[in-house]
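Enquirer: give the three-dimensional model of this entry:
(2 chains)
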Amino acid sequence: MENAMIAKSLFTGQQVEFSSFDPEKEAAIFSAWTADPIFYRRMFRKTFKPLTESTLKKQLQERLKEANDKHEGVYFAVRKIDSPDMIGLVWFPWIDGQHQTSSMGLHFGKGEDFDAFAEETMKMALYYAFMELSLHRVVIGARGDEPKWLDFIEQAGFLREVQRRENVFSEGRYYDEYMYALMKSEWKQKQSEVIE
Amino acid sequence: MNQKLFEGQLVRLIPLDPEKHAEKISAWGKDSEYQRQLDISPAALFNTKLVQSWFEHEGDDHSFMIQTLDGDQLIGFIELGGFDWAAGTTWVGIGIGERDYRGKGYGTDAMKVLLHYAFTMLNLHRVNLNVFEFNRRAIRSYEKAGFKYEGTERERIFKEDRRWDVIDMGVLKSDWELMQVETPVSIEAPVEVDA
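Expert: Purely as a prediction, here's the structure:
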C-alpha cells in the first residue's frame, strides 16, 4: 500500500507531463508569452515590458538557480505526452515552508491548449502542491476582466479571499485584482466527492 | 526639504539613514512581540551591520524614521516599497519600535503623513498593506488613516502552534481625497490619542 502511494507518478498524466525546461533552448517560447500582460504580471510581478529571448535566457537561468539553491520555488514545463514542445508552464514561485503556503501560476501559450489540457494540468499541480510540497494552502491570482480564468479556478475549488480594488492598470484602465486560495482540507474534501 | 510636508500632529518623518539608524532598528528587534506583529518571517535577532545592509539595498523604496515632534524621539519607521509605477500602486510597512509610544496615535499620525506624501507627491493611485489578525490595534489605526478592508487570507500564517488569518487592506487616492473633504486639512486634524 505504502509503496503504491509513493509509486504514483507526480509528473505524468493522461495527456500531459511535467518536465524541466532549458532556458538556453526554450527562452524564445517565454519571450513570446511575455507579450501577454496577464502572463507577464503573474510571472514577473513588475511593470509590463515584453522581454527578449536573450534577457530571458539569463533571467530564467537565475530564477531556476535561486529556486534550486533556496528550495523556495518549483517550475514545470507542460508538454503533451510524447511531444518535446513546451506548451505551458506551472510554477510555485515562492514556497513559504514556515507557513506551508505558496502562490502558484499556470499558463498555456495557446487558447486551444488551455481548453484541452488546463484541467488535467491543474489537477496534477494541486496534487503536487498538497501531497509533495505538503502545503496547507495554495494561492492563485486573477483579474476582474478574465471571466474564463475565474470560472476555471473556481471550478478547481479556489475561493476568492481578497479583492484589491483598481490594483492593476492595463490598456488604459484600472482593474480589480483578486487573490484566490485553496486549502488542503477543501481540496481533500473535493477529492472524496469526486471518488464518491 | 519641506518640513511641513512631513509633519503631522504628533510626529515628523525623516529620511531613514542606514548608517545612523540601523543600531536603533536592530535594538527594537529584541522585542519579539514587535517582530511578530511586523513580519511574516520568523522573529530573529539581527546585528546592526545586517540591518544597515537591508536598508542600503532597498533600491526604489522610500523609508523614513518616525520622530516625535515633542522631544525628537525616534520611535519607529515607516516605508513604501514594491512600487508598480504604471498602476501607481505600492505597499506600506510600519513599526513602532518604542513600546511606550504604541496605542497613542503616533502610528496613525505617521501613516496619515505618509499617505499625504504618497498621493500628493508620488501621484500614487493606491497603497496596499497586510496585517495579522492578532494585531487589532494596528487594524483600527489603519482604518483611521483611511484604509479599507479588502479581504482575509485564511490561515495564512502559523505561529504559536496555530494558524492565523492575514487581513488585506487598501486605500485608493479617491478614498483618501474624500477623507480630506470630510476632515479638511487632514494634516492638522485632531488625532485621537488613544489609538
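
Enquirer: list the contacts for the closest residue to chain B within chain A?
Expert: In chain A, no residue comes nearer to chain B than residue A:162, which is 3.0 Å away by Cβ to the nearest Cβ. C-beta coordinates here come from the backbone N, C-alpha and C atoms, glycine included. The contact partners of residue A:162, taken as Cβ atoms under 8 Å, 6 or more residues apart in numbering or on different chains, are A:178, A:179, B:150, B:151, B:152, B:153, B:168.

Enquirer: all helices of the chain, in order?
Expert: Just going to use chain A. Counting by DSSP state H, chain A has these helices, from start to end: A:2-7, A:23-33, A:37-44, A:53-70, A:111-131, A:147-155, A:184-195.

Enquirer: actually chain B
Expert: With DSSP H as the criterion, chain B has helices spanning B:18-28, B:32-38, B:48-56, B:106-120, B:136-145, B:173-182.

Enquirer: contacts for the longest one, please.
Expert: Residues outside helix B:106-120 that contact it (Cβ under 8 Å, 6+ apart) are B:5-13, B:62, B:64, B:66, B:68, B:75-76, B:78, B:80, B:90, B:92, B:94, B:96, B:124, B:127, B:138, B:141-142, B:144-146, B:171, B:173, B:176-177, B:186-187, B:191-192, B:195.

Enquirer: can you check stretch B:162-174 too?
Expert: A:136, A:161-162, A:164-167, A:179, B:40, B:88, B:115, B:119, B:124-134, B:139, B:142-143, B:145-158.

Enquirer: which residues touch residue A:50?
Expert: Counting by Cβ under 8 Å, 6+ apart, residue A:50 has contacts A:31, A:34, A:35, A:40.

Enquirer: pLDDT at residue 157, what is it?
Expert: In the absence of a named chain, chain A is used. pLDDT, residue A:157: 97.

Enquirer: actually, chain B is the one I wanted.
Expert: Reading off the model, residue B:157 has pLDDT 96.

Enquirer: how close does it get to residue A:31?
Expert: Per Cβ to Cβ, to the nearest Å, residue B:157 is found 37 Å from residue A:31.

Enquirer: number of nearby residues for the closest residue to chain A within chain B?
Expert: Here chain B gets closest to chain A at one residue, residue B:151, 3.0 Å apart by Cβ to the nearest Cβ. Neighbour count of residue B:151, defined by other Cβ atoms under 10 Å in any protein chain shown: 19.

Enquirer: cool, and the one 10 residues further on?
Expert: Here the number of neighbours of residue B:161 (other Cβ under 10 Å) works out to 5.

Enquirer: phi and psi next, for it.
Expert: Dihedral pair for residue B:161: phi 60, psi 30, per degrees, to the nearest 10.

Enquirer: higher neighbour count, residue B:157 and residue A:31?
Expert: residue B:157 (21 against 17).

Enquirer: what bridges to the more buried one?
Expert: residue B:164 (DSSP bridges).

Enquirer: low-confidence ranges in the chain?
Expert: Reading this off chain A. For chain A, the stretches with pLDDT under 70 are A:1, A:195-196.

Enquirer: sorry, should have said chain B
Expert: B:1-3, B:58, B:183-195.

Enquirer: try it again at 80.
Expert: B:1-3, B:57-60, B:182-195 (pLDDT under 80).

Enquirer: who in it is up against chain A?
Expert: B:40-42, B:84-89, B:125-126, B:128, B:150-158, B:163, B:168, B:170, B:172 (Cβ under 8 Å from any Cβ of the partner chain).

Enquirer: filter the residues you listed to the buried ones?
Expert: Among those, those that count as buried by neighbour count (16 or more other Cβ atoms under 10 Å in any protein chain shown) are B:84, B:87-89, B:125-126, B:128, B:150-151, B:153-157, B:163, B:168, B:170, B:172.
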